[in-house]
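>>> heads up, no residue letters with this:
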């Protein structure tokens, strides 16, 4: 696969991952049997793993030094925060308001990651 193909796959997986996070969050807040199926429990992990692999592949093609590039450092830190907030929103939050705030923080991190990816700047709105 060439760089452009992997980039388009990565972007598609980003959209799918974000959409599934929101869908799973809303289904979690409004209990549904659908969320209990094996597919719904494993699909986000498969998509996010493929997303991470695509991202790592994209880093290796042009030879980016991820730890020396400020916008990539910002994306990686925001990704870590997104995972933490997402985990609180989906299962670790003890109250509905905690889960709601964590979901909002996760969405904010997700949108920041997208903005950084588009602008290639750690502070995308300068």
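On my side now, so go ahead. Given the structure is predicted, the values throughout are model-derived calculations rather than measurements.
>>> where along the chain do the strands fall?
Using DSSP state E, the chain contains no strands.
>>> Show me what the least confident helix or strand in the chain by mean pLDDT is packed against.
In the chain, no helix or strand scores lower on mean pLDDT, DSSP states H and E than helix 38-60, which sits at a mean of 86. With contacts taken as 3 or more C-beta pairs under 8 Å, 6 or more residues apart in numbering; DSSP states H and E, helix 38-60 sits against helix 3-29. C-beta: built from backbone N, CA, C; applies to glycine.
>>> angle of the helix it packs on against helix 38-60?
Going by axes from the mean of the first three to the mean of the last three C-alpha atoms, to 10 degrees, helix 3-29 is angled at 150 degrees with respect to helix 38-60.
>>> What mean pLDDT does helix 3-29 get?
For helix 3-29, the mean per-residue pLDDT is 89.
>>> Could you list the buried residues of that helix?
6-7, 9-10, 13-14, 16-18, 21, 24-25 (16 or more other C-beta atoms under 10 Å).
>>> got a pLDDT number for the residue sitting furthest away from the middle of the chain?
Relative to the centre of the chain, and counting by C-alpha atoms, centre = their mean, the farthest-placed residue is residue 33 at 24.4 Å. For residue 33, the model assigns a pLDDT of 71.
>>> What of the one 3 residues further on?
Residue-level confidence at residue 36 comes out at 73, pLDDT.
>>> One more: residue 64?
Reading off the confidence values, residue 64 has pLDDT 65.
>>> Nearest residue to residue 121 in space, please, no chain neighbours.
Distance criterion C-beta to C-beta, 6 or more residues apart in numbering; nearest residue to residue 121, sequence neighbours excluded, is residue 71 at 5.6 Å.
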